[in-house]
Every structure is written in structure tokens, then in C-alpha cells.
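> Sequence and predicted structure, then a few things I'm wondering about:
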There are 2 protein chains.
Amino acid sequence: MLIGEFSKRTGVSIRTLHYYDEKGLLKPEKNPISGHRIYSDRDVMNLHKIMTLKALGYTLEQISEMIRESSFDMSLVDSLRMQQKKLEQDKEDIETTLVTIRRTILLIEGEKEVNSNILMSLISSMQTEKAQREWAEQFMEKDVVESLYEVSEEEKMKWEKATLQFYKEIKRLVGKPANDEEVMHVLKEYFTLILTFLDVASFDDITNIFTGIESIEDFSDEELSKLEAEVEKFVPSPLTKEEQEWLDEVMAYYIENQAFGFQTDENE
Amino acid sequence: MLIGEFSKRTGVSIRTLHYYDEKGLLKPEKNPISGHRIYSDRDVMNLHKIMTLKALGYTLEQISEMIRESSFDMSLVDSLRMQQKKLEQDKEDIETTLVTIRRTILLIEGEKEVNSNILMSLISSMQTEKAQREWAEQFMEKDVVESLYEVSEEEKMKWEKATLQFYKEIKRLVGKPANDEEVMHVLKEYFTLILTFLDVASFDDITNIFTGIESIEDFSDEELSKLEAEVEKFVPSPLTKEEQEWLDEVMAYYIENQAFGFQTDENE
DNA sequence: ATACAACCTAACGTTACTGTAGGTGCAAGA
DNA sequence: TCTTGCACCTACAGTAACGTTAGGTTGTAT
């Protein structure tokens, strides 16, 4: 059987067969005069072995070691279990990304255009959700973390949509004075939402969800900036430096003037 | 920010940053004298965008097109849906392979050593199960195919274990005369098993599961060898030519002498 | 004799990097 | 001032598993 027929019979391209020959994986006889490769029925079987192991995810190098022997012993089971682990990890990664994609599609379906920085922030926030959770367990009780993350898809969606809108507003309002009515309104809405999601009544209560911390002031400045850097690694802020500085300013103003009063302010 | 600090802050290796610069994905400022790269805060954001899109499965080339614009429109949704499809396919492939691996481990757990040809045959049979099913629908009614493949894991396992044992026996018995008692015994057991799985009472009834076929003789020789070749593409026989020829022979002998009688032969 | 298919080797292209060699810029210590 | 050492630079090579192309040879039909 010449290479063309063999290729058709097995469905493996001629170039791949050349390559396997070159790599010593499948070395057929050769016509010593013409140099043409001559494949036998045994080669069909050997190629099939190669393809099967490839389907299980082994590299050609691993395969060439494996096919030297004509039978497998129990060490194959160990090797299979390793493959299994690898594939399960791959699958989980894909699963995470699929969820992210689904949520992203839902998120932007209502919009006609989305600022790419904001969107990327949100996407990577979804993508790294699991890592964020594990990281958060350093500071909070496990069940607190759980209650924060184990919310329905709709809740998450609501949060993401609100965040998207909030950042959009920030980019629109940047530069306005801290006591601007619209600015105050946007901040109020967002803070209210945060408190709703955290399920606390006021900012003071937020400290309750951290372990071993009496108040926000327990964090030193160094600690805070270290924390910020770590958070940035997960999800960098989609705001420019100016936007961020402006936001810090108006937020400080807002908290000083309204934070502990807005609960009662219900008829606006 | 020089490249070292930037690399630490973002977790991306220096070499990769060089690469992104080279490819035009992330081109920081350069000190015109020393040639050192100078990264800004905006670059942090841009790199983050790149990493996010990479996590969604886009290639660097696609990414470099995508990051030219500062906002996304609805075409992103189409693109995300395409990614989604691709990832779903990948996931399914992995899933299939995982099932195959699990079954393979179970299959060989009882054995101390397995002939690699036989094992490869069985593995690829599991791996291509779906394709086999679709192929089989050319010849059988959909519900017949379904009833053949929609059996419990244990049933499948039983079949595979039996097949493994059968091939092992063949390789042990090859060369013995067709009327050898042991040979007859092995064939009988295997045929009985086949009929059990096909849920038919005799070989004549097998034709009932094919559509538009009155008897096996309806197939011409060409058709049969074409069929065989197609089956070989899924799962080549783990037998050598001699073993296969010997098996054909003893099977022919067995069918002629016993096939239609063994149903009654219950006290052996 | 010639056309043509089928084969050959050899070398480059692909993707997303990593590794290495050899050289420059800049600060601190001997 | 010289040297050491670190951070940085460019440029070239290598990885997996092939695909593609070029240029040349073999075998067969006309």
C-alpha cells in the first residue's frame, strides 16, 4: 500500500504520515530504489493506536514511548488518571468562560455601544469570580462569602447592569462639583444598591462582615494600598486617573454629608 | 514604570511584554536614549483588556483588531456567540474523552496486563460511539439505533469486558482446528452475548433490525467490503491478518454446524 | 515520447509564547 | 575611577503538530 491509499484508508493526511515517519512514530517499509513508503496492515493498526492515544490527549512524544510496548500494565491507569485531571481542569475553565460569555451577552444586549474599558472590567470580574471568592475568604467568614456569591443569576445580572450604568455615569459626570445634584443622585443610588447587596443597613455595619476588624480605620494606609493592588490584579478599574480621583473626592463629600442620613430620606 | 515593575504589577512576564510590543498589541513609550520601555497606567488597562479577551478565547490577532476601538457595538455579541459555539464544541469533545477514560479505567482495572491492540480498539470504539450511531442510522430506524446505544453504563461495560475477553481468547486459540471444543465454546458464548445485546432470538432475526433488507444476502460482495472499510475507519480490528482469517473460518464452521441449534442446546 | 498522477525531500509558515546570547544603562561599593 | 551587578535592550533559536509550497523523481497510460 502506497502512502496515498493508506492516507485515504485512514483519513490521515500524507503530510502527517511523513511527519510521523520523520519523528519515528510510524516508520513503514521503504522501496529501496524509488524511496516510496510501503504501508502494511500492521501499520494501519499502529496508526490507529497513535490516533486513539492522541484522542485521549497524549502528546506525540508520550505516544511514541507508549507504543514501544505491545501491552499495557497498570501504570496506564495512573497515566489515564492524570489525563483525566488535566481534562477536567480544561473543562472547568471552558465552563467558566462559557458562563462569562452568556452573562456578557445578556449584559450588553440592551446597550447600543459599551465603553470597552468598562466592559472588560466587568468581564474579568465574572471570569475571576472564583479566585475572588477564595481571596475574600482571607478576610471574611466562609458563610459570609458564600452568602455574597451564592446569589441568583438575576441578582448578579442586576448588579452588573447597575455597575455598568454607574461607570457610564461617572464618565459622563466627571469634573462636576461634588455638590452637583445629579452627582449626588448617582452616588446615592449606587450606595443604596451596594448596601442592598451586602444586606446591611448602613456603612458602619459593613465592618461586621469582616473577621477581626472593628472598623475600617483598623486598616493602616499601607495595608489598604496593598489590598487595592491585589484587587487591581483581579480587576483593574476602568476609570482613568482623573476620573478615579474625582470619584474619590465626590464620594468623600457624599459620605460626609449624606451617608448616615439617606436611610431616612425616603420621599425624594 | 519600567518593564520590571510593570511585569510584577500585572503578573505578565517581561518576555511576553516584549512580544506584545513586537506584535503591536501593547506599545509603550520608549526612552529615546536608553531605549527602555516606559509603561503608563493606561497601559495597565490596555494589557488588562488583552488578557480579558484572551481569556474569552480570542487569538492575539483578533484581539489586536478589537482593541483598536475604544468601545464595542453589537457586533461583539455575534463574535461572542461564535466563541461560545467553539467552546461548547471543545467542551463536548473533552466530555466524550473523559467518559472514555473513565470507562477505560474500569475496563482494565481487573486485568494485570492488556494487549495494546485490543485495548486501543475498545477505546476508539468508545470514543467514536457518537459517530458510529449517526452512521448506523443510514441502515437502521432511529429508534432501533437508540435502543442499541441507549443502554446503561453497566450494560456497555459488560459488553466491553466480554469483547476484551473474546479477543484475548482468539489470540490464545488461533490456529486450533475449527471443531476444537474450546474454540466452539468461546464462539458460542460470544454469539449468545451478541444475540442478547441485539435482543433477537436467532441470526435470521438480525435482518429485522436493518431497514429495507430481507436477508444478509441482499448485500453484494462489493457493498459488504465497502461497509467493512467504513467500519474499519471507526475501529480497525485488533487482530492480525492470520487471526482474522482463522476467525472467519471457525465462525463459518460454527454457524453452519451450530448456529441455528444452540438456542435449544441449554444443558451443556 | 510525453503527459500526468503520485511520490520524494527540504524548507518555510503557523500560534503564542519561552529561552538564551551578547551587549548597554545606571547606581553603589572598593 | 573602576568594577560589580542588576535591569534592561535586541536578535536569534526553539517549541507542537502539522500545513503549504517548491523543485525534483518514479511509474503508468497514451
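Thanks, I have the structure now. Numbers count the residues shown, from 1 in each chain, chains lettered A, B, ... in the order given.
> quick one: is the strand or helix carrying A:Leu107 near chain B?
Taking DSSP states H and E as the criterion, A:Leu107 maps to helix A:75-108. Yes - Helix A:75-108 is in contact with chain B by CB under 8 Å from any CB of the partner chain, via A:76-77, A:80-81, A:83-84, A:87-88, A:90-91, A:94-95, A:97-98, A:100-102, A:104-105, A:108. Backbone N, C-alpha and C define where each C-beta goes, glycine included.
> Restricted to buried residues, select these in PyMOL.
In PyMOL syntax, the buried subset of the residues of helix A:75-108 next to chain B is picked out as below (16 or more other CB atoms under 10 Å in any protein chain shown):
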select buried, chain A and resi 76+77+80+83+84+87+90+91+94+97+98+100+101+104+108
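> give the contact list for A:Val186.
Neighbouring residues of A:Val186 by CB atoms under 8 Å, 6 or more residues apart in numbering or on different chains: A:Phe166, A:Glu169, A:Ile170, A:Leu173.
> now A:Tyr20
By CB under 8 Å, 6+ apart, the neighbours of A:Tyr20 are A:Leu26, A:Leu47, A:Ile50, A:Leu60.
> Can you go through those and name the buried ones?
Buried, going by 16+ other CB under 10 Å: A:Leu26, A:Leu47, A:Ile50, out of these.
> can you put these in a markdown table and add distance to A:Glu69?
Shown next, in a markdown table, are those (distance: CB to CB, whole Å):
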| residue | distance to A:Glu69 |
| --- | --- |
| A:Leu26 | 16 |
| A:Leu47 | 17 |
| A:Ile50 | 14 |
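> Just to be sure, which of these are found in helices?
Those of those mapping onto helices are A:Leu47, A:Ile50, per DSSP state H.
> Going by distance to DNA strand D, which of the buried ones among the contacts of A:Tyr20 wins?
Comparing the buried ones among the contacts of A:Tyr20 against DNA strand D with CB to the nearest atom of the strand places A:Ile50 closest, at 8.1 Å.
> in stretch A:178-194, what counts as buried?
A:Ala178, A:Val183, A:Met184, A:Val186, A:Leu187, A:Lys188, A:Tyr190, A:Phe191, A:Ile194.
> Just the closest residue of the stretch 101-250 of chain A to DNA strand D, please.
A:Ala229 (17.4 Å).
> In the contacts of A:Val186, which residue is surrounded by the most others?
When neighbours are taken as other CB atoms under 10 Å in any protein chain shown, the top entry among the contacts of A:Val186 is A:Ile170 (21 neighbours).
> State the helix or strand in which A:Met45 lies.
helix A:41-55.
> is any part of that helix close to DNA strand C?
No - Helix A:41-55 lies out of reach of DNA strand C by CB under 7 Å from any atom of the strand, never closer than 12.4 Å.
> Give the residue spans of the stretch 101-250 of chain A that score low on pLDDT.
Residues of the stretch 101-250 of chain A meeting the criterion pLDDT under 70: A:212-218.
> ok, which stretches of it are helices?
Applying DSSP state H, counting those that start in this stretch to the stretch 101-250 of chain A gives helices spanning A:116-127, A:129-136, A:142-149, A:153-173, A:181-198, A:203-206, A:221-234, A:241-257.
> Who are the packing partners of the third one?
Which is helix A:142-149. helix A:129-136 (3 or more CB pairs under 8 Å, 6 or more residues apart in numbering or on different chains; DSSP states H and E).
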